[in-house]
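# I need the structure of the sequence given here:
(2 chains)
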Amino acid sequence: MDLAVEINGLRKSFGIDGNKIEVIKNLNFSLEKGAFEIIMGQSGSGKSTLLHLMAGLLNPDDGEIIVGGKEISKLNDEKRTIFRRKHIGLIFQDFNLIPTLTAEENVMLPLLLDRKHDSSKALELLDLLGLSNRRAHLPSQLSGGERQRIAIARALVTNPQIVLADEPTGNLDSPAAHDLCTLLKKLNKETECSILMVSHDPVVSAAAEKVHVLKDGGIVGSFTTEGNPHTVSERYLAAIEG
Amino acid sequence: MILFKLAWVSLLKEKGQLFTAAFGVAAAVGLLVWHCGLAETAVSQSEKAAIKATTPFDAWIQGPSHGPKIGKQQTQKAPTNGKRAIADQAVGFRRGGSRAAAAPIPQELFEAVASSPTVKSTLELQVAPIVLDIRPGGHIIQGPPMTAQIAVIPESAKQPFAANELVSGEWVSREAKSFDATVSYAVFEQRKLPIPEVGSTINLITQNRTLTLRIVGLYKYSNLVAAFPSIYTTEFAYKEITGKASPQMIEGDRGNLLLCEMADGLTGDALEEVLDTVPQAADKCTFTTVSALRDRFESDTVGQIRAQLPLSLTLAFITAVCMMTTVLVSSITEQRKRIAMLRCIGMTRKAAAGVILTETLIIALIGWIIGLALALLALQCFLFFDVSEQLPKLVHITFITPLYSLALCILVCMFATIAPAIHAIKIAPLEAIAPIPTTPSPISKKKITLGIILLLPLFVMGLPFAKNETSLRYLMIAIGMPCFTIGCWLLIHPIMRFVEFCFLPFVAWCVRLDKHMLARRLSREPARAVGTIMTLSFGLCSFIAIHIWGGTLMSSYVPSPEWPDAIVSALPGGLTKEQVEQGNKATGLGRNLIPIECTQFPLDKSTCKKIEANGGSSDGQVLIFGVDPQKAFGENKPFANFKFSNGNAALAAIELTKGDTCIVPDMFLRLTGLKVGDTISLAGKELRICGSVNLNWHLVTSRAQVRTLNGRLDKKEKSQKSAASPKSKRTMGMIFTSENTARKLTGNFDRINFLWAELSEELKSIHPLQATVRLDEALRGTMKPSNESVLKVHHRDEIADGTVAHGNDIIGTMARIPFWSLIVTSAGIIALLIASAKASQKELRTMRAVGMTQGQVMRLFAGEAMLIIICMLIISFFGGMLIGWSFTACTRLAMRAGLAVTLVIPWLTVLKGICFATLLCIIMSALPLRSIAK
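Sure, this is the predicted structure:
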């Protein structure tokens, strides 16, 4: 079976010498191609750290991270960055759009960094996300939901192998969060792009197929969501307590 | 205490900015400490220097009408302390000198001094000023003639001053029947010439002849007292040079310099009473003591520093203020949320401003300590390695230097606090919880309009409407420059947008990034960049303005290219016609030489009245320049290919031959208000102006000694009753007339003192200096001038080169200070880039997350730096042009003698300045890029 992400023996700690905290401890994980899965855990469990490691934003202390068949943990910063630009899409909690670029330019940002100027894909995504009429607007002129959709479009513009989303609904209200999850699900189906999302919200998690529970630096359990937030909550609590 | 803590914590967080601001203050303090410390150190040695220069003598008396004439700025001040003792200028370049020796000391004065019990011993010298003809490498030295004071070496066959140290060779022997001399280093050092070898020769020009002295020894000489001899020679040579024997040779013939060694325990001041016993004789002479010399040395030293300090200090002050303001404003922009939080919690606006003031004080104090320490260290190193032996080896300062520098610091603090404090007090508490708007601020049309209006006063002041130079200068300083500065400030934001609009594709191409990456990098937060751009622009703008002003000023003096290739002078005895005919055979001439007859004298009273009625100036003498009209202006290709504003060469040739006409330069008509067709009268002779030419003639005639700076009255014309008495003897104008007319006026019909020469094509194609040397040799070979005359070729282009070089030297000295300012202020670009990086941290993280490499981040900021530099270049260039243009108006009003003033822009120099500034900023901006990218 084809894997979008494979992690073996991953370790990561923060701090110096006598004050070190091991955030990720000998973690093994895999994500299939085309899957839409969630990582849940308590605050400080290492969810965002794990995502950042997968995105190549952090260097692991030990272990290997293979994304799309390429081991990125051994690459230098430049190569990792270029790989991330071409093959990984990132969505953040607080959108992180560039305030002086328009919606269209924000979507095209990864392409612009590669000095590519073909805007057809960007326009296609904006259309898909219902933002064609907002393409020339600055982020300050968009609502929270619209900004997050721009961020999603940016993450997809390079046809990445995987999209990593770090609590993308954290700054949205419930209806907007629900819409976002529906959108991600739809995109996952249509583009066959793997999506791995970090969330602590059972409602949001229910949109995905599978949930992995992170505790004390390792995966302590994985379960299917059955599309039901209650199921997600129960199984999550069981994994945490068990 | 809390204010201090807040300020200190804030500064510690922003170490880069702290360093940059402190650096600006340190540089300003360093400059001031250097100047003041050097002055204090030099002055501390005044007593020692004065004693060293005069030992074993305590006082000296010079005969009537003594010594070198002193220029306007160094005029001897009458003693105000009730004492007779007074000293000549002791420090700095002494311009020229009187050609006449002082008269002998009156007999009664000598007897009174020699017989006084307060005087232990006296030594009498006859000292004569001489003019030297030194040509290093055959090159005629530009500027006033080189002079020295020559005396016979005293009886003891060694010179009388303890400090004069023989460096090589020997002291000349008084009795030798030869033209030997022992020469001081000062003779050559005064014009920065290389010291010749013992055994070489130097030429002297006297009233009657030229002489060659052989150097048998060289000695070091303090040169503080201009009246003391700088060359010692034999009796034989002295007599030949001056036509008189020294006092030791002829009984009863007094010398003109009486050196006095006082009795033990007495100073030269004790002679005051002795001189009071012979007041009439003493009043005619000049009496100097060691203490008067010391006082003069001190005042000259301080005077020199005072002359240099205002410009340096002003630029240093402005630089430091700009740096501090820029850094603090940047810092506030970054700390908005923190300051807003403090305001939320309960900090008043006053306290917020107090935090800023405290930050400023801390930075200023750090800068003061660093500047003071480094400047003193640099000064100590300078003194340690100084070979001139005029300065001590250790720095000597009192509390004055540190106090002045501290005062400068405080002043910088006060001014630098204003803008940041205003920013700080405008921060609203709600900014702590509400998101800070990130949309770029729009351009205000009102500000653009006001900015342009504020540039206009300086432009208008440059137009030729003003009548008074002093008023115009004050208007420029009081109104023009401040309006210009504020106008630039208001226009920087639109200029940033303009630069981003026009240059973004180019900059993006240079840094290999998409232009969208660089969009609005400057103009999104204009407040941050404005200060840095203004500060950077200041240095280059001043540089360009100074060079435009200097170039314009200089251009009026550079000889017109239409002037014939060279003037050959044969002074003082002149040449015969036969010699000139022989000279025509010399290799290197394009055509036969044309004799010139010149003289200077004032216009007749009738002409002066006419000029005054026109509102013109008739003060000074005119230079009559007589040439053969046909040879000079006739023929198909005139010898003197002047640009005629009225008339033409052919007409000039015909009219001048008549003998009652003349041609004048346009500047003469401007100065006098006369016009073509008017008649001028000199020495009873009327000459009608038949044409005018556009010609710069000042330097080419003075260098060739066709005229003298102080004028010259022809003996014949001194008796002319109709001549007006000029208020000054300067040359107010020049008149071309026929050679015959000129000779009738001078009464000289047989000697030829000047010739016009046209060079052959071969000599025209080589460097003027080489051409001069070769023609000089060729003419000497053919003309064979006697010892009564010194033959010299004065090449127009060599004079032009010398003028330009001299002018560039002066301008360069002034323009060096803006360069210093630019070097200091370019460090501000470091602070700006760091601030910009901090402000866009979140954005940068996003871009890095999305896939921007570290290299691309570095190039992003390199692109931002390029945009800043382009803004700086635009403001500096146009600002420098505008200021240079305005200063030209002052120059126009200040220029005498109707000299034409045309705006000259030295493009090459301006380009060099722009390249240097750009390179410097690029280097500075490269420094923080790596750490920003990380």
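# so A:N26 touches A:N8, yeah?
No. Look at A:N26 against A:N8 with C-beta atoms under 8 Å: they stay out of range, at 9.4 Å. C-beta coordinates here come from the backbone N, C-alpha and C atoms, glycine included.
# So which of those two has more stuff around it?
With neighbours defined as other C-beta atoms under 10 Å in any protein chain shown, A:N26 and A:N8 compare such that A:N8 has more, 16 against 13.
# residue contacts, that one?
Contacts for A:N8 (C-beta atoms under 8 Å, 6 or more residues apart in numbering or on different chains) come out as A:N28, A:G63, A:E64, A:I66.
# Separate out the buried members of those residues.
Neighbour-count burial within the contacts of A:N8 applies to A:G63, A:I66; the criterion is 16 or more other C-beta atoms under 10 Å in any protein chain shown.
# would you turn the contacts of A:N8 into CSV with secondary structure?
Formatted as CSV, those follow (DSSP: H, G, I helix; E, B strand; the rest coil):
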residue, secondary structure
A:N28, strand
A:G63, strand
A:E64, strand
A:I66, strand
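# In chain A, where's the longest helix?
The single longest helix within chain A, with elements called by DSSP state H, is helix A:174-191.
# gap between that one and the chain center?
Between the centre of helix A:174-191 and the centre of its host chain there is 13 Å, according to C-alpha atoms, centre = their mean, to the nearest Å.
# Same question for that helix: list its buried residues.
Applying a neighbour-count criterion of 16+ other C-beta under 10 Å, one finds A:A176, A:A177, A:D179, A:L180, A:C181, A:L183, A:L184, A:K185, A:L187, A:N188, A:T191 buried in helix A:174-191.
# show me the residues around the last one that make contact.
Think A:T191. A:L156, A:N159.
# what separates it from chain B, distance-wise?
Note on A:T191: its distance to chain B, by C-beta to the nearest C-beta, to the nearest Å, is 18 Å.
# How confident was the prediction at that residue?
Here, the pLDDT recorded for A:T191 equals 82.
# cool, the first one as well?
According to the predicted model, the pLDDT of A:A176 comes to 82.
# Run a quick neighbour tally on the residue lying closest to A:N26 once chain neighbours are set aside.
Among residues not flanking A:N26 along the chain, A:G9 sits closest, at 5.6 Å (C-beta to C-beta, 6 or more residues apart in numbering or on different chains). Neighbour count of A:G9, defined by other C-beta under 10 Å: 12.
# Do I have it right that A:G9 meets A:I65?
No. Checked against C-beta under 8 Å, the pair A:G9 and A:I65 is beyond contact range at 10.2 Å.
# Show me the common contact partners of these two, please.
In the contact map built from C-beta under 8 Å, 6+ apart, no residue is linked to both A:G9 and A:I65.
# now B:L309: how far from chain A?
Per C-beta to the nearest C-beta, B:L309 is found 47 Å from chain A.
# Give me the neighbour count for that residue.
Using other C-beta under 10 Å, B:L309 is surrounded by 18 other residues.
# Quick one: residues contacting it.
B:L309 sits next to B:L32, B:H35 when contact means C-beta under 8 Å, 6+ apart.
# Same question for B:S886.
Residues in contact with B:S886 (C-beta under 8 Å, 6+ apart) are B:L458, B:F459, B:M461, B:G462, B:M476, B:G480.
# OK, contacts around the closest residue to the fifth one other than its chain neighbours?
Here the nearest residue to B:M476 in space, its sequence neighbours aside, is B:M461; by C-beta to C-beta, 6+ apart that works out to 5.6 Å. The contact partners of B:M461, by C-beta under 8 Å, 6+ apart, come to B:L472, B:L475, B:M476, B:G480, B:S886, B:A889.
# The last one sits in which helix or strand?
Using DSSP states H and E, B:A889 sits within helix B:854-894.
# So what's the residue count around the residue in chain A that chain B sits nearest to?
In chain A, the residue that lies nearest chain B is A:R85 (2.4 Å; C-beta to the nearest C-beta). Other residues near A:R85 come to 23 when the count uses other C-beta under 10 Å.
# Phi first, then psi, for it.
Phi and psi for A:R85, reported as degrees, to the nearest 10, are phi -60, psi -40.
# How about it: what's its closest non-neighbour residue?
Of all residues not flanking A:R85 in the chain, B:G851 sits nearest, at 2.4 Å (C-beta to C-beta, 6+ apart).
# could you give me the average pLDDT of the next helix or strand after the longest helix of chain A?
Using DSSP H and E, the helix or strand that directly follows helix A:174-191 along the chain is strand A:194-198. Model confidence over strand A:194-198, given as mean pLDDT, is 93.
# Strand A:194-198 and chain B in contact?
No. Strand A:194-198 is not in contact with chain B by C-beta under 8 Å from any C-beta of the partner chain; minimum separation 14.4 Å.
# contacts for that strand?
Residues from elsewhere that reach strand A:194-198 (C-beta under 8 Å, 6+ apart): A:4-5, A:31-40, A:47-48, A:50-51, A:54, A:161-168, A:184, A:187-188, A:204, A:208.
# Put the buried members of these into a ChimeraX selection.
The ChimeraX command for the buried members of the contacts of strand A:194-198 (criterion: 16+ other C-beta under 10 Å) is given here:
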select /A:4,5,31,35,36,37,38,39,40,47,48,50,51,54,161,162,163,164,165,166,167,168,184,187,188,204,208
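# So which of the contacts of strand A:194-198 are in helices?
A:K47, A:S48, A:L50, A:L51, A:M54, A:L184, A:L187, A:N188, A:V204.
# ok, so what distance separates the first one from A:V211?
Taking C-beta to C-beta, to the nearest Å as the measure, A:K47 and A:V211 are separated by 12 Å.
# what touches both of those two?
Common contacts of A:K47 and A:V211 (C-beta under 8 Å, 6+ apart): A:I39, A:M40.
# Flag every residue of chain B that's near chain A.
B:437-440, B:512-514, B:516-517, B:519-520, B:524, B:842-843, B:845-856.
# now these: which count as buried?
Applying 16+ other C-beta under 10 Å to the residues of chain B next to chain A flags B:438, B:440, B:513-514, B:516-517, B:519-520, B:524, B:843, B:846-854, B:856 as buried.
# ok, A:G63 - contacts?
Counted by C-beta under 8 Å, 6+ apart, A:G63 has contacts A:I7, A:N8, A:G9, A:L10, A:R11, A:N26, A:L27, A:S73.
# hmm, I was thinking of B:L927
Shown in contact with B:L927 (C-beta under 8 Å, 6+ apart): B:I830.
# Tell me the pLDDT of it.
What the model reports as pLDDT for B:L927 is 84.
# Look up how far chain A lies from it.
Going from B:L927 to chain A by C-beta to the nearest C-beta gives 21 Å.
# What are the buried residues along stretch B:459-466?
B:M461, B:G462, B:A466.
# What of stretch B:376-395?
Judged by neighbour count using 16+ other C-beta under 10 Å, the buried positions of stretch B:376-395 are B:L376, B:L379, B:L383, B:L391, B:V395.
# For whichever residue of the stretch 751-900 of chain B sits closest to chain A, give me the backbone phi and psi.
As assessed by C-beta to the nearest C-beta, chain A sits closest to B:G851 within the stretch 751-900 of chain B, at 2.4 Å. Backbone geometry at B:G851, expressed as degrees, to the nearest 10, gives phi 140, psi 20.
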